[in-house]
Each structure stands twice: as C-alpha cells, then as structure tokens.
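below are the sequence and a predicted model for it; my questions follow.
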Amino acid sequence: KHLDGDLFVSSRSSSTAVLAWHDSNPSVKAVRAWAAHILDVPENFIEPLQLVRYTDGQHIGAHMDWNDERDPELWVFGQRMATMLVYLSTMPEGSGGETS
C-alpha cells in the first residue's frame, strides 16, 4: 500500500540483486565511479548497484521512482533524480562470463 492508503500494483516482474558491497569489489567500485562521472555527481550520490534479470514473460511497466515525502526510507538516499541503465548482452564465444 502507498502511505495514503491506496493499493499499489507492481509494474515489474523480475529478479533483482543489490550489490551493497560496493566498497570492497573493484568492478562494482569502477562502475559506480563511471556512473558518478557520467552524471557529474559525487560518487556518494550513487545508490548501490542493482542487477536486474528479466526472463521470458517478465517486464517493467511505466512507473515513477519517486517517493512520497512522508516515506521514512527517504533518509537513506533521498529522492532519486536519475536512473542509469546498462544492458548486458551475450558475450562472444570463449570470452568467459559463464558459470558452471
């Protein structure tokens, strides 16, 4: 439910992992630094990275990443002003990236 009591209907169906260990992983740290540079903001303005996976039939619909001013979670990051998406695609054969 929204804070005003209205029912909330999810606009997405996906699997998500938050990479909250951004200070200890060089790759995650590099992506965060790159995003801060592109957006021209300090690196501490960048939220933890999220990996999102969509399989057949999953989707994301129109939505707003803006929270009600009464939302108690706003103290963590404040209002989101921009969203940056990076799409990962199939890697060339033999380049790695697979799991066993």
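Thanks, I have the structure now.

now name the helix or strand holding the nearest residue to Glu43 once chain neighbours are set aside.
Closest residue to Glu43 in three dimensions, ignoring its sequence neighbours and counting by CB to CB, 6 or more residues apart in numbering: Ala36, at 4.2 Å. All C-beta spots, glycine's among them, are computed from the backbone N, C-alpha and C. Using DSSP states H and E, Ala36 sits within helix 26-39.

could you identify the helix or strand that succeeds that helix?
Helix 26-39 is succeeded, C-terminally, by strand 49-53 (DSSP H and E).

what does the average pLDDT come to for that next one?
The pLDDT scores in strand 49-53 average 83.

what lines up beside it in the sheet?
Looking at strand 49-53 with DSSP bridges, its partner strands are strand 15-19 (antiparallel).

just give me the neighbour total for Pro92.
7 (other CB atoms under 10 Å).

for Val52, see how far away it is.
Distance, Pro92 to Val52, by CB to CB, to the nearest Å: 23 Å.
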